[in-house]
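Novice: coords please:
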Amino acid sequence: MAFQDIYQTIHDKAARKAANTDLHKVGDLTVEVTLTGEGGGVFYAAVRDGVFQMEPVACIKKDLSVQISAHDFLDILSRKLNPMSALAHGKIKTKGNLAKVLQLKKLL
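Specialist: Predicted structure coming up:
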């Protein structure tokens, strides 16, 4: 699967979830995600003032950077892989404000 297809799958799911979530409770955050392996690429997701945004580009100012294989990310989206378990087993590498990971979980 190509990055654009994976990105679109992630974007669609996150946008649907964001539409049904009080994003003011999520708080402001910007997360840059690097997908590795087949279908890899970079995108960012942000919530600012209760508005969700996601773009298939890197960002300079971010609260958190996340690195995960594209395969594992899709498994998280399809509920085959628990994100907290993936983090505990080193399948997700993070840099920055780790508390923001818990906020991001509300959008997956």
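
Novice: phi, psi for K61 please.
Specialist: When read as degrees, to the nearest 10, the backbone of K61 gives phi -100, psi 110.

Novice: was I right to think it contacts T30?
Specialist: Yes: look at K61 against T30 with CB atoms under 8 Å: they come within range, at 6.6 Å. C-betas here are computed from N, CA, C, even on glycine.

Novice: with neighbour numbers in mind, choose between these two.
Specialist: T30 (18 against 8; other CB atoms under 10 Å).

Novice: then the helix or strand containing K25 to PDB, C-alphas only?
Specialist: Per DSSP states H and E, K25 falls inside helix 23-26. Provided in PDB are the C-alpha atoms of helix 23-26 (Å, rounded to 0.1, in the frame of the first residue of the first chain):
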ATOM      1  CA  LEU A  23     -11.900  18.400  20.900                       C
ATOM      2  CA  HIS A  24     -11.800  21.100  23.500                       C
ATOM      3  CA  LYS A  25     -11.300  18.200  26.000                       C
ATOM      4  CA  VAL A  26      -8.400  16.900  24.000                       C
END
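
Novice: can you point out the buried residues in it?
Specialist: Buried residues in helix 23-26, counting neighbours by 16 or more other CB atoms under 10 Å, are found at 23, 26.

Novice: which residue is the nearest non-sequential neighbour of D72?
Specialist: K91 (5.0 Å; CB to CB, 6 or more residues apart in numbering).

Novice: any low-confidence regions in the protein?
Specialist: 101, 104-108 (pLDDT under 70).

Novice: in stretch 30-40, which residues are buried?
Specialist: So, applying 16+ other CB under 10 Å, buried residues of stretch 30-40: 30-35, 39-40.
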